[in-house]
Each structure stands twice: as C-alpha cells, then as structure tokens.
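[1] quick one: sequence and predicted model below, then my questions.
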Amino acid sequence: MEFFDIDDSESPEYQLPTTSNIKKVTMKGTSPNKVTKKTPISSPSRALKNSPVPKTKAEIQPYDQLVLDLRARNPPTPWKEIETLYRDAGGITTGHLNLKVRIGLLEALEEEMTETEIQDLIAAKQAVEEEFQKQVWGLVAEKLKVEKGREWNAKFLKNTCDGLKKGTL
C-alpha cells in the first residue's frame, strides 16, 4: 500500500461530512444550476427587533414607564428582573444591556423646560460663550507675547482676525 492510496473502509474518526444541513432552494425563474442558500432563522434580519424608542414624552409606552419607575425605586430593581417585567408588559428587547441604554434616552424625554427656563438657558449659553471668547483671545495675546516678544491687545487681535475672515483687510 502506497502513502497516497485511499482505503475504502471508513472508520468513524476519519469520516468527513459530505453535505451541509442547510436546505437549498432554487429561485423561481432561474436556471436549475443557480441554487441559493436559504437564510437560517437565527439571522439578524429575521430576529426580533427592540421596541421603537419614543421621540417625545407623549410617545412613552407603559412598558417604558415601567422601566423608569422600577429604576427610580430605592433600592433600584435589578436589571434581570426589569427585563422579565418589561417583556411581560409587552416590550420587545434583546437583553438587559439594551434596557440600560434605553433608560438614558427615556430619562432625557421625561425632563421638560418652561419658556422662562429656555430663555435662561439661552442667556447662560451666550454669557459662557462670551467669557470663553475673552479667554481665548487673552490666551492668543499671551502666546504671541511669549513667542514673539511683542505685547498685543486681545480685543485688537480678535477684531483683526474677524476682519481677515470677512476679507476686509
């Protein structure tokens, strides 16, 4: 017997699988030579998707409110228990980790601002931006003084740079 001779007697440890267990389906209207594999049920396209995340406070579903209420308790309910209660209430999820992400989105929806609070927010943002701009141009003037040895006024530098952006200089 030579080294490459094949022995016809098959022992169980040397048997190789001959065909796969995936069913093959021929598509309608194609030639019989073209065979496509049927996608298994466990593929992501056929799996259950999570419940849609609400965009506004009015869209929060009872099962989402349940998650918020259970996490607001003192001590908070464990995530594994919340997941089972969430599914029983009608929500669809693929695991407790998704609920941890979802609760952050839901908590952001729960907060609302009044008109006066919105105006206060805008005013505070503008004040911070103005203060930040002053600091930026002060730092630019300081850097020029250290590197080039000449002292510049921060307001002059800002106006000069703004003029360069507009193309007036």
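    In hand now; what should we look at? Residues are numbered from 1 along each chain as shown.
[2] contacts and neighbour counts: CA atoms only from here.
    Will do.
[3] residues contacting Gly90?
    Tyr63 (Cα atoms under 8 Å, 6 or more residues apart in numbering).
[4] could you do Glu112 as well?
    Counting by Cα under 8 Å, 6+ apart, Glu112 has no contacts.
[5] quick one, phi psi at it?
    phi -130, psi 150 (degrees, to the nearest 10).
[6] any idea how far it lies from Glu59?
    14 Å (Cα to Cα, to the nearest Å).
[7] just Asn153 next, same as before
    Asn153 is 54 Å from Glu59, by Cα to Cα.
[8] on contacts alone, who are the packing partners of the helix or strand Ala141 falls within?
    Under the criterion of DSSP states H and E, Ala141 resides in helix 115-148. For helix 115-148, the elements it packs on are helix 154-166, judged by 3 or more Cα pairs under 8 Å, 6 or more residues apart in numbering; DSSP states H and E.
[9] can you list the buried residues in the helix it packs on?
    By 16 or more other Cα atoms under 10 Å, the buried positions in helix 154-166 come out as 154, 158.
[10] and it, what does it pack against?
    So helix 154-166, by 3+ Cα pairs under 8 Å, 6+ apart, packs with helix 115-148.
[11] before we move on, back to that, could you give the angle of the helix holding Ala141 to helix 154-166?
    100 degrees (axes from the mean of the first three to the mean of the last three Cα atoms, to 10 degrees).
[12] mind listing what's buried in helix 115-148?
    Buried-residue list, helix 115-148, by 16+ other Cα under 10 Å: 137-138, 140-142.
[13] likewise stretch 74-90?
    Result for stretch 74-90 [16+ other Cα under 10 Å]: buried residues 79, 82-83, 85-86.
[14] and of those, the nearest to Gln133?
    Trp79 (44.9 Å; Cα to Cα).
[15] for the record, mean pLDDT for stretch 119-138?
    Stretch 119-138 comes out with an average pLDDT of 94.
[16] tell me which residues are up against it.
    154-155, 157-158.
[17] got a markdown table for those, with distance to Pro54 and pLDDT too?
    Output for the contacts of stretch 119-138, formatted as a markdown table (distance: Cα to Cα, whole Å; pLDDT from 0 to 100):
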| residue | distance to Pro54 | pLDDT |
| --- | --- | --- |
| Ala154 | 47 | 89 |
| Lys155 | 47 | 89 |
| Leu157 | 48 | 90 |
| Lys158 | 44 | 88 |
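[18] pretty sure Tyr63 belongs to a strand, no?
    No - the assignment for Tyr63 is helix, going by DSSP: H, G, I helix; E, B strand; the rest coil, so no strand is present there.
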